[in-house]
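>>> my questions are about this predicted structure, shown below with the sequence.
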Amino acid sequence: METEPKKEHQWLHKLVGEWTFDVEATMEAGCQPEHFKGSERVRSLGGLWVVAEGEGEMPGGGTATTMMTLGYDPRKNRYLGTWIGSMMNHLWLYDGALDAAEKVLTLDSEGPSMTGTGQMAKFRDVIEFLGDDHRMLSSHMLDESGEWRQFMTAHYRRKG
């Protein structure tokens, strides 16, 4: 098994560090956006993976803990990962690609629709570096009309 990190693995390591985040989320269309804050620690796992552990406020109150893993599979030429959170029992599986400018990582997934019907829906998380110490995560859901609807934006800023 080849374990030598590639340039795609090195790109992921831009995420390594201590971060704070501010989130604006509109969970239901037509509702007012909610705002919450938190922090995240991202570490390298063998130079091939990054593991992000976050903690923050939840819309409506309470605290949530999250964990994300991201890596790159050279055989598939794809970024792969997972996301879990203490507020749900769904394991999100990521499959994505980096844009040509190497600034934006788009990760596709599937999970429970926010409509409350129990149906599954397609989701897309987009990680974009706006600078070395500032990145943005936007989350989108494919709605019933076939349009991508952005429901969350998080700005991450590197600590000190």
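Sure, I can see it. Numbering: from 1, shown residues only.
>>> just the element for the spatially most central residue of the chain, please.
Using CA atoms, centre = their mean, the residue of the chain that lies closest to the mean C-alpha position is D125, 5.3 Å off. Assigned by DSSP states H and E, D125 falls within strand 120-131.
>>> C-alpha coordinates for that strand, CSV please?
Taking Å, rounded to 0.1, in the frame of the first residue of the first chain, the C-alpha atoms of strand 120-131 are listed here in CSV:
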residue,chain,number,x,y,z
MET,A,120,-32.9,11.0,2.1
ALA,A,121,-31.4,13.9,0.2
LYS,A,122,-28.2,14.9,-1.6
PHE,A,123,-26.0,17.4,0.3
ARG,A,124,-22.9,19.3,-0.7
ASP,A,125,-20.3,20.9,1.7
VAL,A,126,-17.9,23.3,0.1
ILE,A,127,-14.6,24.3,1.9
GLU,A,128,-13.0,27.4,0.4
PHE,A,129,-9.8,29.1,1.6
LEU,A,130,-10.2,32.9,1.7
GLY,A,131,-6.6,33.2,3.1
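>>> would you mark the buried spots in that strand?
For strand 120-131, a neighbour-count test (16 or more other CB atoms under 10 Å) marks 121, 123-127, 129 as buried. Every residue, glycine included, has its C-beta placed from N, CA and C.
>>> quick check: which element contains T115?
Using DSSP H and E, T115 sits in no helix or strand.
>>> so who does it touch?
Neighbour list for T115: A121 [criterion: CB atoms under 8 Å, 6 or more residues apart in numbering].
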